[in-house]
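# Show me the folded form of this:
(2 chains)
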Number of protein chains: 2
Amino acid sequence: MKFSLKRTVFMQELQTVQRAISTKTTIPILTGVKIVVTEEGITLTGSNADISIETFLSIQNESAQLQIEETGKIVLQARFFSEIVRRLPEEEFTLEVIENNQVAITSGKANFTVNGLDADNYPHLPVIESQNQMKLPVHVFTKLINETGFAVSQHESRPILTGVHFVLNDQKLLAVATDSHRLSQRIIPIEQAVENFDIVIPGKSLTELSRSLTNEEELVEISIMENQVLFKTETMYFYSRLLEGNYPDTNRLIPSSFNTEIDFYVPQLLAAIERASLLSHEGRNNIVRLSIQSDSVVLYGNSPEVGKVEESLSYEKVTGDPLEISFNPDYMKAALRAFGDMSVTVKFISAVRPFTLEPTENSLEFIQLITPVRTN
Amino acid sequence: MKFSLKRTVFMQELQTVQRAISTKTTIPILTGVKIVVTEEGITLTGSNADISIETFLSIQNESAQLQIEETGKIVLQARFFSEIVRRLPEEEFTLEVIENNQVAITSGKANFTVNGLDADNYPHLPVIESQNQMKLPVHVFTKLINETGFAVSQHESRPILTGVHFVLNDQKLLAVATDSHRLSQRIIPIEQAVENFDIVIPGKSLTELSRSLTNEEELVEISIMENQVLFKTETMYFYSRLLEGNYPDTNRLIPSSFNTEIDFYVPQLLAAIERASLLSHEGRNNIVRLSIQSDSVVLYGNSPEVGKVEESLSYEKVTGDPLEISFNPDYMKAALRAFGDMSVTVKFISAVRPFTLEPTENSLEFIQLITPVRTN
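Residues are numbered from 1 along each chain as shown, chains lettered A, B, ... in the order given. This next block holds a predicted model:
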């Protein structure tokens, strides 16, 4: 195996697959990047137990100035290899497998000789049978991830809750995540006809995927199999395992009738919650209290050690019964950030029942639910 | 005590004194910022065991729009207080001491009540008798710090070596630091006549001071006392304690005759050392080897686990005997970074004697010394 190319172009490919490579893995070969050179170009692969990323650099990519002298394959320790490539003295470099899986890297007057591993010992990626496929614009899919992924459980006690539940049914794609204290659900229409599915994708995979999908104008093609899902763009294959087991029925958690409703402008409410949480974070119980009267809405934060805050909130509209309710401001902050710059309607039943947040307009598409904290 | 002013202006003052405030202190009142309001303006003070910073915001500073209704003083927990000020809803805020050292902070519809501490219990800053004073441009003094501070010892086993030795003598200011493996010495002329001095300032104080001196056009006035030094600018007083004890005589460490000399362009040599240190950092001994012949200079890095590098170095001139020498590349990197974009002359005696680096031009002003590693 021998090739030469532009260092900066290769660095980009390397950085993409490195997202899947962990230095903490118990399988030593997985700290490496697999390099496969054919006459068509270079394929790089990085993987950990949950996700695998593959990129392809074509011989036809002119900016790479790729010259292939000999095909072949090798695995190189990823972090170290990428440090070397980053620091090479010239813009172009040559990589050659010499003997015993040793690799010579040459650029200008610098000559590196590094130990590689036999690529035949690298685990095989799942073979995807291209059956159930769906295409989405990248910006639509990453929005869906950002609106739901934050609500997955961080605890392994119920592994199924560490993923986002995706259900395609009746030309609608539903994504929902809950950690049993809060829930976030988003529905988007799917015009193109594909087979229905019901899968749970690990939250961590989605976070990495979202970071890897940098070109918002592109389409991402999603292929689903028994226990894997593949996200494909022009330049990248991103594989994730699926979580096994039944996701709980979250539909029954979402209430349908309410006693108190308020409309807030999100950035204003978020700023007030952030101020109140300064105090609640200092105290033993991380809670803030909201007092809703027909003519005023006041938010309270309190910590016996350092002090207290009270703030009369700006709101757009209030209807229904007066209410006093306490909740974890961190859940509220995460929910509000997912809405962004818009108005939301917050709907309450009572001080002890979950309350919901929905866009004041288009409420059917996006709903978040937060369980209050009982204070007596 | 009661005043109101612009939040952003106050935040800047707060951030300056916060540099001196540690959350890890064993003296609880030192986690606080001391606020003293007189009819002239607001003085803020932050301190830890080693350094103290004081700023003054004048009633005449128009951008602050400072209104003083009542004078007084209080101590507030610094980190928490600055979080509150940062997040206040309006540009202006009011701060008032109410009772029992409680403070009301009001901005728009947000009302904070926070617990403060009695300012009478805050330690007094040293009184500086303005005797031995020297003025330097900020950019000259911060350069001096950056050229020497990195070479102080990080170990407390010889406390005196954790500081930079400053000696004024014969209208020359000498600054020198050594951790006994390497040494960095800079000399600058002092035109203004002041009394000679010989002091050792803690390296950590100088690092914080350098970060606090942001206006390069200003002058910094340095006042020295028995066991303290004060750095004074228009807006800030920065106090540091001095290290007690005798600094070793470093003059005798600097050799005066050499057998091999090479001129390098610093950025080129630095890049090569960085490449070689990639390998040496992976190995058990962090060393690189330099081989100097009359017609070639080659740098070697090696790690049995991951591989090796050899690079033929670009140099400007070589004279004297051939030499093979090994050294810690991290010392070399730090030394080269302190020179920046210029050419240096590296002078060697033998493989076991310290070697020096000096600017190829103006060599008298700045010298660095590195002890090699014996490899046999």
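# ok, now which ones touch the residue lying farthest from the centre of chain A?
Relative to the centre of chain A, the most outlying C-alpha is that of A:Lys109, 42.2 Å out, by Cα atoms, centre = their mean. Contact partners of A:Lys109, counting by Cβ atoms under 8 Å, 6 or more residues apart in numbering or on different chains, are A:89, B:311-314. Where C-beta positions appear, they are placed from N, C-alpha and C, glycine not excepted.
# Skipping its backbone neighbours, what lies nearest A:Leu14 in space?
A:Ser82 (4.9 Å; Cβ to Cβ, 6 or more residues apart in numbering or on different chains).
# That neighbour in helix, strand or coil?
Following DSSP: H, G, I helix; E, B strand; the rest coil, we place A:Ser82 in the helix state.
# how many other residues sit next to it?
19 (other Cβ atoms under 10 Å in any protein chain shown).
# In a helix, A:Ile273, correct?
Yes - under three-state DSSP, A:Ile273 sits within a helix.
# Let's see the pLDDT reported for it.
As predicted, A:Ile273 sits at a pLDDT of 97.
# which residues does it contact?
With contact set as Cβ under 8 Å, 6+ apart, A:Ile273 has these partners: A:288, A:299, A:329, A:332-333, A:336.
# mind running it again at 10 Å?
A:280, A:288, A:290, A:299, A:301, A:311, A:313, A:327, A:329-333, A:335-336 (Cβ atoms under 10 Å, 6 or more residues apart in numbering or on different chains).
# For A:Thr8, state which of the contacts of A:Lys109 is nearest.
Closest approach between the contacts of A:Lys109 and A:Thr8, by Cβ to Cβ: A:Pro89, at 13.4 Å.
# Distance of the closest residue to the closest one other than its chain neighbours relative to B:Leu76?
Nearest residue to A:Pro89 in three dimensions, chain neighbours excluded: A:Gly108, at 4.0 Å (Cβ to Cβ, 6+ apart). Noted for A:Gly108: a distance of 58 Å to B:Leu76, by Cβ to Cβ, to the nearest Å.
# So which bits of the stretch 101-250 of chain A are right by chain B?
With the criterion set to Cβ under 10 Å from any Cβ of the partner chain, the stretch 101-250 of chain A comes near chain B through A:102-105, A:107-116.
# which among those end up buried?
Among these, those classed as buried by neighbour count (16 or more other Cβ atoms under 10 Å in any protein chain shown) are A:103-105, A:107, A:110, A:112-116.
# Output the below-cut-off pLDDT ranges for the stretch 51-200 of chain A.
A:130-131 (pLDDT under 70).
# ok and the residue in it nearest chain B?
Across the stretch 51-200 of chain A, the shortest distance to chain B (Cβ to the nearest Cβ) belongs to A:Val114, at 3.4 Å.
# close enough to count as contact, that residue and A:Ile105?
Yes - look at A:Val114 against A:Ile105 with Cβ atoms under 10 Å: they come within range, at 6.7 Å.
# Please enumerate the shared neighbours of the two.
Common neighbours of A:Val114 and A:Ile105 (Cβ under 10 Å, 6+ apart) are A:76, A:81, A:84, A:95, B:307, B:309.
# among these, who's most crowded?
When neighbours are counted by other Cβ under 10 Å, A:Leu76 leads these with 28 neighbours.
# Contacts only, for that one.
A:14, A:31-35, A:82, A:84-85, A:95, A:97, A:101, A:103, A:105, A:114-117, A:119, B:306-307.
# what's the closest non-adjacent residue to the residue most central in space within chain A?
Centroid-nearest residue in chain A, with Cα atoms, centre = their mean: A:Thr207, separated by 1.9 Å. Once flanking residues are discounted, A:Thr207 sits nearest to A:Gly149: 6.1 Å by Cβ to Cβ, 6+ apart.
# check contacts around that neighbour.
A:Gly149 touches A:142, A:163-164, A:175, A:177, A:184, A:201-207, A:209-210, A:338, counting by Cβ under 10 Å, 6+ apart.
# The closest residue to A:Val229 other than its chain neighbours is in what secondary structure piece?
Leaving out its chain neighbours, the residue that sits closest to A:Val229 by Cβ to Cβ, 6+ apart is A:Ser240, at 5.4 Å. Element membership for A:Ser240, per DSSP states H and E: strand A:236-241.
# thinking in terms of the whole chain, how far from its middle is that strand?
Chain-centre distance of strand A:236-241: 13 Å, with Cα atoms, centre = their mean, to the nearest Å.
# Which helix or strand lies directly C-terminal to that strand?
Using DSSP H and E, the helix or strand that directly follows strand A:236-241 along the chain is strand A:260-265.
# What strands line up against that next one, and which way round?
strand A:317-320 (antiparallel), strand A:343-348 (antiparallel) (DSSP bridges).
# Please dump the ones you listed into a markdown table; it should also carry mean pLDDT, mean neighbour count and distance to A:Pro126 for every row.
Below are the strands paired with strand A:260-265 laid out as a markdown table (pLDDT from 0 to 100; neighbours: other Cβ atoms under 10 Å in any protein chain shown; distance: least, Cβ to Cβ, whole Å):
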| stretch | mean pLDDT | mean neighbour count | distance to A:Pro126 |
| --- | --- | --- | --- |
| strand A:317-320 | 95 | 14 | 52 |
| strand A:343-348 | 97 | 22 | 41 |
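# Those: which one's closest to B:Asp295?
Closest among the strands paired with strand A:260-265, using Cβ to Cβ: strand A:343-348, at 74.9 Å.
# Show me what the following helix or strand past that closest one is packed against.
The C-terminal neighbour of strand A:343-348 among helices and strands, as given by DSSP H and E, is strand A:355-359. Under the contact definition 3 or more Cβ pairs under 10 Å, 6 or more residues apart in numbering or on different chains; DSSP states H and E, strand A:355-359 sits against strand A:182-189, strand A:260-265, helix A:266-282, strand A:323-327, helix A:329-339, strand A:343-348, strand A:366-370.
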